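*Asks:* Fold the following for me, if possible:
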Amino acid sequence: MERYDVIIIGAGPAGLSAALYSARSKLSTLYIEKLSTGGQAATTDEIENYPGFAHGISGPELTAQMEEQAKRFGAKKLLAEVKGIELAGADRIVKTTKGNFVAKVVIIASGAAPKLLGCPGEQEFRSRGVSYCATCDAAFYEGANVMVVGGGDSAVEEACYLTKFADKVTLVHRRDTLRATKVLQERAFANEKLEILWNTVVEEIIGTDVVEKVRLKNVVTGEVFEREIDGIFIYVGLKPNTEFVKGLVNLDEQGYIITDENMRTNIPGIYAAGDVRQKLLRQVVTAAADGAIAAYHAEKYLEECTE
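*Replies:* Alright, predicted model coming up:
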């Protein structure tokens, strides 16, 4: 079984930041990712609130630079899915689809995945008109008529991004005000290609081979009506990727990992950082800070273990 000082689960901004700080402290460091590097940040077209980039930077470019920086100091990467963590005295054994790995410190930075809308048609037309990533799929909708569901930062930001490709974008929100930051709201209200349907929910996604229309309901008037569309992008929140640690570390009611300010969980030697942990603000900058704090404290923990 390969042994490391620190094993990091996840390669989004939190995981890559932890890998950088850990490797730069001369700790043998392995970070494990089951899909592609960057997490949710890598699906964002433009990040304009990460300090140091006055004119913004794309999510893929930013996270690629983060990974290059971590690798430069010696962090190693493994593409595999983590199935669980086992405690063996002071050791933490990380079980993956490519074997088991052991370390005294594990930093969980597995992030969060998009929540499903849960209406009929969503699963049936996934990847056939239903998408959760405008950056990934917008180019397929050049000149099309698309819909975005949600009212937070991601929904509004991606709706504006989609107007670069689609002829028309309709933003559907269940309330009468958006939750997105004011600057994003102003941008959306000024966009002539963007229409907002207030107090409206999607009841069903309809089509034959691909999405053709949606059935909508106004939650105030009760009116039910249909709109023809070519595709629908769903941004109604996130679900933490914590299935593999259920029963091991303390989670809140929504499944986020509970930590203290030093990113420590209730299990010594196991930390959590980024979107996967319970906190107020989930942004790239806070994820990167979490990763740095977790790795710094992990180093202190390892020093105490050897005293």
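*Asks:* can you list the domains in this protein?
*Replies:* 3-113+238-306, 117-235 (the TED database).
*Asks:* Now do the first one, average pLDDT.
*Replies:* The one in question is domain 3-113+238-306. Mean per-residue pLDDT for domain 3-113+238-306: 94.
*Asks:* That one spans what distance, first to last residue?
*Replies:* Domain 3-113+238-306 has its terminal residues 16 Å apart, counting by CA to CA, to the nearest Å.
*Asks:* In its sheet, which strands sit next to the top strand by length along the chain, and in what direction?
*Replies:* Across the chain, the longest stretch assigned as strand under DSSP state E is strand 99-108. Paired strands of strand 99-108, with direction, are strand 2-9 (parallel), strand 91-96 (antiparallel), strand 270-272 (parallel) (DSSP bridges).
*Asks:* three-state assignment of the residue nearest to residue 36 when sequence neighbours are not counted?
*Replies:* Spatial nearest neighbour of residue 36, excluding adjacent residues (CB to CB, 6 or more residues apart in numbering): residue 42 at 6.6 Å. (Each C-beta comes from the backbone N, C-alpha and C, glycine too.) Under the three-state scheme (DSSP: H, G, I helix; E, B strand; the rest coil), residue 42 adopts helix.
*Asks:* Contact partners for residue 42?
*Replies:* Going by CB atoms under 8 Å, 6 or more residues apart in numbering, residue 42 touches 12, 36, 59, 60, 63.
*Asks:* Same check on residue 241?
*Replies:* Contacts of residue 241 (CB under 8 Å, 6+ apart): 10, 110, 111, 112, 113, 276.
*Asks:* Just the ones in strands from those, please.
*Replies:* Using DSSP E, those in strands are 112, 113.
*Asks:* ok so, going back, what's the spacing between the residue nearest to residue 36 and residue 62?
*Replies:* To residue 62, residue 42 is 8 Å away according to CB to CB, to the nearest Å.
*Asks:* likewise residue 123?
*Replies:* Taking CB to CB, one finds residue 123 at 32 Å from residue 62.
*Asks:* who's more crowded, those two?
*Replies:* residue 62 (24 against 12; other CB atoms under 10 Å).
*Asks:* leaving aside the residues next to it on the chain, what's closest to the more buried one?
*Replies:* residue 47 is the one closest to residue 62 (CB to CB, 6+ apart), at 5.9 Å.
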